[in-house]
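> Structure, please.
(chains A and B)
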There are 2 protein chains.
Amino acid sequence: MVTIYVAHNVPPFLPRHVLRDLRALWAAEEAGVPYEIHWLDSIGGDTKAAAYLSVHPFGIVPALSDGDFKLFESGAIVGYLCDKTGKCIPAPRTKERALYDQWCFATLNTVEPALLQLFIASVIAKDAAWAKERAPQLRDLSAARLAVLDAHLANRAYLLGQDFSGADVLMGQVLNFIVDSTLIDGAPHVKAYQTRVRSRPGYVRAAAVQAAGPKSAAAAAR
Amino acid sequence: MVTIYVAHNVPPFLPRHVLRDLRALWAAEEAGVPYEIHWLDSIGGDTKAAAYLSVHPFGIVPALSDGDFKLFESGAIVGYLCDKTGKCIPAPRTKERALYDQWCFATLNTVEPALLQLFIASVIAKDAAWAKERAPQLRDLSAARLAVLDAHLANRAYLLGQDFSGADVLMGQVLNFIVDSTLIDGAPHVKAYQTRVRSRPGYVRAAAVQAAGPKSAAAAAR
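Numbering: from 1, shown residues only, chains lettered A, B, ... in the order given. All right, here's what the predicted structure looks like:
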């Protein structure tokens, strides 16, 4: 049985769906991999305690264990879960797999940095002088990244075409960093895509488990 | 023949080795994949011209083409090049491959954001008020990330253990964003690792090709 490490009791300014552990839960739901959850009391310090640092040395979420095997980084965890069942991921060493990798890295290394820095400047650090000056630049960069994504999604249901993949798990969650709705209003295909991926049963279940926290009957009943 | 898209004529405040196209050149050298270079005049606007945007819609470097196949994102390009020869990358669907993925994503999604934002605040935007206020926070985050990496490298030559891999190509280049030597002085195992990867013949050749630019005899002679 796979164990996914998920934070609860997070700071109140953090909407649950911006937490990256949602990616691991969502991928497990989409790939059909049974899992149990190891809940981490974030404010209580669980993510910085030795027990968790032995699983994830950077002390952030998510992480995964599968028997004695430990894995961190959401990009790697999503791929590992999808590879377990062969769902939502192209076969290894194909051009399609290279394009899957391309969109995973584009999501996490080209789109997320812009949206996350904007989230930090406009939500977490919004009262800081640096944030007020920096936020407009980050908004411009975010809009530019979303414009490219918008053109790509103009004639595709998902990042790889008509088939949902783990890359959409990553992108779908990354879009949750957007808090200014006018930003996504400027990218109508991205907005439609966001609605599409958020309406998937796998997303709905994963978000419900995450939001319910450790007392969740849904988590216990799996 | 693989074509790698590499920028030249970049702004003078950018040392060549912080450009991400170095990752693609280095991976090709390490994996033993023959390549030709398509040079892009960065200041001249080549990276934002339609011809290049048809290869890389985000208009940044690097990108790769292999016959009709086009690929962007350095993380995907490094994996694609290594998979071509099976060098510097574990076999697909193994635990070792998942750990390779883990370190690629950790490099690009956990270490690079801290170091790149610090590079922006302390080099590119160093005279801005926001940067002066923000830089110390980014330095603290960078030091924390490097401390974790330092512990990991205390008893390993490379990220995956004794064998060099594409993940080291990514991490080795990401460390080039460090301009304040006191930051890496605080992480002696990272410093030794940086010396180790930079002294590899593949790095030396790739950096020389990149630095020489389009008139490079080395590039023409390949």
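
> Residue A:171 and residue A:110 touch, don't they?
No - shown here, residue A:171 and residue A:110 do not form a contact pair, counting by Cβ atoms under 8 Å, at 10.8 Å. Quick note: C-beta positions are derived from backbone N, CA and C, even for glycine.

> Please say which of the two ends up with more neighbours.
Neighbours were counted for residue A:171 and for residue A:110 using other Cβ atoms under 10 Å in any protein chain shown; residue A:171 has more, 26 against 18.

> which one is residue A:30 nearest to, not counting chain neighbours?
Nearest residue to residue A:30, sequence neighbours excluded (Cβ to Cβ, 6 or more residues apart in numbering or on different chains): residue A:202, at 4.2 Å.

> Secondary structure class of the one you found, three-state.
Following DSSP: H, G, I helix; E, B strand; the rest coil, the label given to residue A:202 is helix.

> ok, and what's touching the helix or strand containing residue A:191?
With elements taken from DSSP states H and E, the one containing residue A:191 is helix A:188-198. By Cβ atoms under 8 Å, 6 or more residues apart in numbering or on different chains, the surrounding residues in contact with helix A:188-198 are A:146, A:149-151, A:153-154, A:157-158, A:164, A:168, A:171-172, A:175, A:184-185, A:203-204.

> quick one: contacts for residue A:69?
B:95, B:98 are the contacts of residue A:69 under Cβ under 8 Å, 6+ apart.

> so what pLDDT did it get?
The score at residue A:69 is 98. That number is its pLDDT.

> picking up where we left off before, just the buried subset of the contacts of helix A:188-198, written out for ChimeraX, thanks.
The following ChimeraX line selects those of the contacts of helix A:188-198 that are buried, judged by 16 or more other Cβ atoms under 10 Å in any protein chain shown:
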select /A:146,149,150,153,158,164,168,171,172,175,184,203
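
> ok, and which of the contacts of helix A:188-198 reach chain B?
residue A:151 (Cβ under 8 Å from any Cβ of the partner chain).

> So which of the contacts of helix A:188-198 are in helices?
A:146, A:149, A:150, A:151, A:153, A:168, A:171, A:172, A:184, A:185, A:203, A:204 (DSSP state H).

> out of those residues, what pair is the most spread apart?
A:151 and A:204 (28.3 Å; Cβ to Cβ).

> and the closest residue to residue A:186 other than its chain neighbours, how many neighbours?
Leaving out its chain neighbours, the residue that sits closest to residue A:186 by Cβ to Cβ, 6+ apart is residue A:143, at 6.2 Å. Residues contacting residue A:143 under the criterion other Cβ under 10 Å number 17.

> Wait, residue A:143 touches residue A:183, no?
Yes - using Cβ under 8 Å, residue A:143 makes contact with residue A:183 at a distance of 6.3 Å.

> what residues does stretch A:75-94 touch?
A:2, A:4, A:23-24, A:27-28, A:30-33, A:62-64, A:66, A:71, A:96-97, A:99-100, A:104-105, A:108, A:160, A:164-166, A:169-170, B:83, B:92-93, B:98-99, B:101-102, B:104-105, B:109.

> let's go with 6 Å and repeat that
By Cβ atoms under 6 Å, 6 or more residues apart in numbering or on different chains, the residues outside stretch A:75-94 that reach it are A:23-24, A:27-28, A:30-33, A:64, A:71, A:96-97, A:100, A:104, A:108, A:165-166, A:169, B:83, B:92-93, B:98, B:101-102, B:105.

> Out of the residues you listed, which sit inside helices?
A:23-24, A:27-28, A:30-31, A:96-97, A:100, A:104, A:166, A:169, B:83, B:98, B:101-102, B:105.

> which among the residues you listed end up buried?
Buried among these (16+ other Cβ under 10 Å): A:23-24, A:27-28, A:30-31, A:97, A:100, A:104, A:166, A:169, B:83, B:98, B:101-102, B:105.

> Identify the farthest-apart pair in these.
Maximum distance among those (Cβ to Cβ): 26.0 Å, for A:28 and B:83.

> Up against chain B, what does chain A have?
Residues of chain A lying close to chain B by Cβ under 6 Å from any Cβ of the partner chain are A:57-58, A:69, A:71, A:73, A:75-76, A:79-80, A:83, A:92-93, A:95, A:98, A:101-102, A:105-106, A:108-110, A:113, A:130, A:133-134, A:148.

> Flag the shaky bits of chain A, pLDDT-wise.
A:216-222 (pLDDT under 70).

> For chain B, what's the nearest residue on it?
Closest contact between chain A and chain B, by Cβ to the nearest Cβ, is at residue A:92 (3.2 Å).

> Could you check how far that residue is from residue A:180?
Taking Cβ to Cβ, to the nearest Å as the measure, residue A:92 falls 39 Å from residue A:180.

> what does residue A:34 give?
Taking Cβ to Cβ, one finds residue A:34 at 38 Å from residue A:180.

> residue contacts, residue A:63?
Contacts of residue A:63 by Cβ under 6 Å, 6+ apart are A:5, A:55, A:56, A:72.

> Burial check on the second one, number of neighbours?
What that stands for is residue A:55. 17.

> Wasn't it part of a strand?
No - counting by three-state DSSP, residue A:55 is located in no strand; its state is coil.

> ok, now which ones touch it?
A:63, A:70 are the contacts of residue A:55 under Cβ under 6 Å, 6+ apart.

> Quick check: phi and psi on it?
Backbone geometry at residue A:55, expressed as degrees, to the nearest 10, gives phi -100, psi -50.

> what's the domain layout of chain A?
A:2-89+A:202-221, A:95-200 (automatic domain parsing).

> out of the ones you listed, nearest to residue B:45?
Closest among the domains of chain A, using Cβ to Cβ: domain A:95-200, at 15.8 Å.

> Assign a three-state SS to residue A:87, would you?
Once three-state DSSP is applied, residue A:87 turns out coil.

> Not counting its neighbours along the chain, what's nearest the most far-flung residue of chain A relative to its centre?
Using Cα atoms, centre = their mean, the residue of chain A lying farthest from its centre is residue A:129. It sits 29.0 Å away. Nearest residue to residue A:129, sequence neighbours excluded (Cβ to Cβ, 6+ apart): residue B:133, at 6.1 Å.

> Give me the neighbour count for the one you found.
Residue B:133, neighbours per other Cβ under 10 Å, totals 16.

> Run the chain-centre distance for the one helix or strand it maps to.
Assigned by DSSP H and E, residue B:133 belongs to helix B:129-153. In terms of Cα atoms, centre = their mean, to the nearest Å, the centre of helix B:129-153 is found 19 Å from the chain centre.
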